[in-house]
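Novice: Just need the structure, nothing else, for what follows:
(chains A, B, C and D)
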Protein chains: 2
Amino acid sequence: MSLRHGLLGLLAEGPASGYDLSRRFQEVLGALWPAQHPKIYAELGRLVSDGLIDIDSHGPRGRKAYRITEAGRAEVRRWLTTVDVDHTVRLEALLRSYFFWLMDPDDLARHLASEAEFYTEQAAAYRAYAARKDAGEFGSAPQVQSMRITIEGGVRVYEALAEWARWAATYRLPAATAGAPGDGDPGADHPGGGAAGTGDDRGDSGHGDG
Amino acid sequence: MSLRHGLLGLLAEGPASGYDLSRRFQEVLGALWPAQHPKIYAELGRLVSDGLIDIDSHGPRGRKAYRITEAGRAEVRRWLTTVDVDHTVRLEALLRSYFFWLMDPDDLARHLASEAEFYTEQAAAYRAYAARKDAGEFGSAPQVQSMRITIEGGVRVYEALAEWARWAATYRLPAATAGAPGDGDPGADHPGGGAAGTGDDRGDSGHGDG
DNA sequence: TCCAGTCATGTACTAAGGGACATGTCCCTT
DNA sequence: AAGGGACATGTCCCTTAGTACATGACTGGA
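Specialist: Below is the predicted model of the structure:
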């Protein structure tokens, strides 16, 4: 339900159309909270029915600008102060890293290099944005101050990922060090993976327990 | 489709049941790539139909252990080497930060303190895990080496977020500095938000253009 | 005047995520 | 013998995300 509140928050700055909101989501928020226009238009319709926003004006090409209502303002404040933050993180890059041992060392090196490059670019984009803000380009309205905090979050997260990718490239996997997987002590237990290789590790393994 | 490949990757270590896989996903991956058991069981069924895994053994309480097939092994390698990484990030915490200007300074301070605490704890949990690995507790099989990389990613991302929350708490929003919003130059333009406060900023604003 | 490009809004369909519900086994303790 | 708790698998349904498709208005330049 965060898209709903994201739209309300943006509309708290002033009236905007679905198209405007769509672009706003792409700009700063795009790489931190993606939202496609079909979702935005649908949600705007729901927000109108719920009385949290209403139509401010009609423009050319069917443009409709929405305005937040008092109920909407109250709702976004309620969300910010009383609803728990959804701390769900979903990083495919880190999921993949769990399976790096299945990759050919050369492919892995290439992969990590391109990952590092991608994150570095993202971080640089956010840093450039922060610099423009700090140079006063966007003024110093409260919204701009808080946008600055979001940007800083983008910089830090992407920098962390970039550094992680570079660190990972220097971390020697056994396969890369010794030329073949399976050296060391491959039979060793690891958490939750004790079942690996045996299929069953519980006391109630196999069959006849009864 | 990453859950599919995540399951294949886990099964590449050795046979496991849906229940095992479910727990594996909770452990290290839980805070980086959440997966609920209903999805896992459903996906396992699909993987069997597609011939990427098959049933290895039956255990007590209806336990079914799955084994990866050669086709499955090839598929997970294909994914790792030829499919582009999905770089989508979705951090509700950063979305919220965009709207901090709507919050009461005291509520915001409390919010940031609890955010910092949460991320610090997550980072500590990952760091503890990394320490156990580095102490040799899980052996040195290739899978364990690559798990170590994933853990490092968790540490770095959560540390970055923790530091960001602490930094944000020291970043003075105008409202907190001067006591009231609206000082500075509130009318100043900012990117994509030029419409804010005016409703329409295009040349084709309002009505009669045609 | 045509055409490309941007503005602008929407529907339809598919896939994915996530909570609630349902069922039953086996083990250990009391 | 009873019962709590972990083990173990699954279905159902609703919400959310995301892609593809469809349509039309207006602007500026060739």
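Novice: Could you say which helix or strand holds the closest residue to A:Asp134 other than its chain neighbours?
Specialist: In space, and not counting its chain neighbours, A:Asp134 is closest to A:Arg148: 7.7 Å by Cβ to Cβ, 6 or more residues apart in numbering or on different chains. No exception for glycine: its C-beta is placed from N, CA and C like everyone else's. A:Arg148 belongs to helix A:142-170 when elements are defined using DSSP states H and E.
Novice: Show me what counts as buried in that helix.
Specialist: Along helix A:142-170, these residues count as buried under the neighbour rule (16 or more other Cβ atoms under 10 Å in any protein chain shown): A:142-165, A:168-169.
Novice: got the angle between it and helix B:142-170?
Specialist: 160 degrees (axes from the mean of the first three to the mean of the last three Cα atoms, to 10 degrees).
Novice: Quick one: distance of helix A:142-170 to the chain centre.
Specialist: 11 Å (Cα atoms, centre = their mean, to the nearest Å).
Novice: And the strands in chain A?
Specialist: Here chain A has its strands, by DSSP state E, at A:16-17, A:53-58, A:64-68.
Novice: Any chance of a markdown table for those, columns mean pLDDT?
Specialist: Shown next, in a markdown table, are the strands of chain A (pLDDT from 0 to 100):
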| stretch | mean pLDDT |
| --- | --- |
| strand A:16-17 | 98 |
| strand A:53-58 | 96 |
| strand A:64-68 | 98 |
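Novice: between the ones you listed, which gets nearest to DNA strand D?
Specialist: strand A:53-58 (10.4 Å; Cβ to the nearest atom of the strand).
Novice: Whether that closest one contacts DNA strand D - can you check?
Specialist: No. Using Cβ under 7 Å from any atom of the strand, strand A:53-58 stays clear of DNA strand D, coming no nearer than 10.4 Å.
Novice: Please name the strands paired to that strand in the sheet, noting orientation.
Specialist: strand A:64-68 (antiparallel) (DSSP bridges).
Novice: Name the residues of the partner strand that are buried.
Specialist: Using 16+ other Cβ under 10 Å as the test for burial, strand A:64-68 gives A:Lys64, A:Ala65, A:Tyr66, A:Ile68.
Novice: do stretch A:82-100 as well
Specialist: Buried, per 16+ other Cβ under 10 Å, within stretch A:82-100: A:85, A:89-100.
Novice: from the chain's centre, how far out does it sit?
Specialist: 8 Å.
Novice: Stretch A:88-108 close to chain B?
Specialist: Yes. Against chain B, stretch A:88-108 shows contacts by Cβ under 8 Å from any Cβ of the partner chain at A:88-104, A:107.
Novice: can you tell me which of those residues are up against DNA strand D?
Specialist: Okay, of the residues of stretch A:88-108 next to chain B, nothing touches DNA strand D (Cβ under 7 Å from any atom of the strand).
Novice: Tell me the one among the buried residues of stretch A:82-100 nearest to B:Tyr41.
Specialist: Proximity of the buried residues of stretch A:82-100 to B:Tyr41 was ranked by Cβ to Cβ; the top entry is A:Leu95 with 19.0 Å.
Novice: Chain A: helices as residue ranges?
Specialist: A:2-11, A:18-27, A:37-49, A:70-82, A:92-97, A:105-134, A:142-170, A:174-178 (DSSP state H).
Novice: DNA strand D contacts on chain A?
Specialist: A:1-3, A:34-36, A:38-39, A:60-62, A:202, A:204.
Novice: Out of these, grab the one that's most surrounded.
Specialist: A:Ala35 (21 neighbours; other Cβ atoms under 10 Å in any protein chain shown).
Novice: nearest residue to that one other than its sequence neighbours?
Specialist: The spatially closest residue to A:Ala35, leaving aside those adjacent along the chain, is A:Phe25, at 4.4 Å (Cβ to Cβ, 6+ apart).
Novice: Any idea how many residues pack against the one you found?
Specialist: A:Phe25, neighbours per other Cβ under 10 Å, totals 24.
Novice: can you pull the pLDDT of the spatially most central residue of chain A?
Specialist: The C-alpha lying nearest the average C-alpha coordinate of chain A belongs to A:Leu32 (Cα atoms, centre = their mean; 4.2 Å). If you check A:Leu32, the pLDDT there is 96.
Novice: Least confident secondary structure element in chain A?
Specialist: helix A:174-178 (a mean of 45; mean pLDDT, DSSP states H and E).
Novice: follow-up on the earlier one: can you add distance to A:Ile55 and give the helices of chain A back as a markdown table?
Specialist: Listed next are the helices of chain A as a markdown table, based on distance: least, Cβ to Cβ, whole Å:
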| stretch | distance to A:Ile55 |
| --- | --- |
| helix A:2-11 | 12 |
| helix A:18-27 | 11 |
| helix A:37-49 | 7 |
| helix A:70-82 | 13 |
| helix A:92-97 | 39 |
| helix A:105-134 | 32 |
| helix A:142-170 | 22 |
| helix A:174-178 | 61 |
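Novice: I'd like those written out as a markdown table, with distance to DNA strand C added.
Specialist: Listed next are those as a markdown table, based on distance: least, Cβ to the nearest atom of the strand, whole Å:
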| stretch | distance to DNA strand C |
| --- | --- |
| helix A:2-11 | 12 |
| helix A:18-27 | 3 |
| helix A:37-49 | 3 |
| helix A:70-82 | 17 |
| helix A:92-97 | 9 |
| helix A:105-134 | 19 |
| helix A:142-170 | 19 |
| helix A:174-178 | 29 |
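Novice: wait, isn't A:Ala35 in contact with A:Leu3?
Specialist: Yes. Using Cβ atoms under 8 Å, A:Ala35 is in contact with A:Leu3, at 5.5 Å.
Novice: rounded to a whole number, what's the mean pLDDT of stretch A:37-52?
Specialist: Here the average pLDDT along stretch A:37-52 is 97.
Novice: for chain A, which spans come out with low pLDDT?
Specialist: Low-confidence segments of chain A, defined by pLDDT under 70: A:173-210.
Novice: run the last query once more with 80
Specialist: For chain A, the stretches flagged by pLDDT under 80 are A:172-210.
Novice: hmm, back to that, of the residues of chain A next to DNA strand D, just say which sits nearest to A:Glu117.
Specialist: A:Pro34 (20.9 Å).
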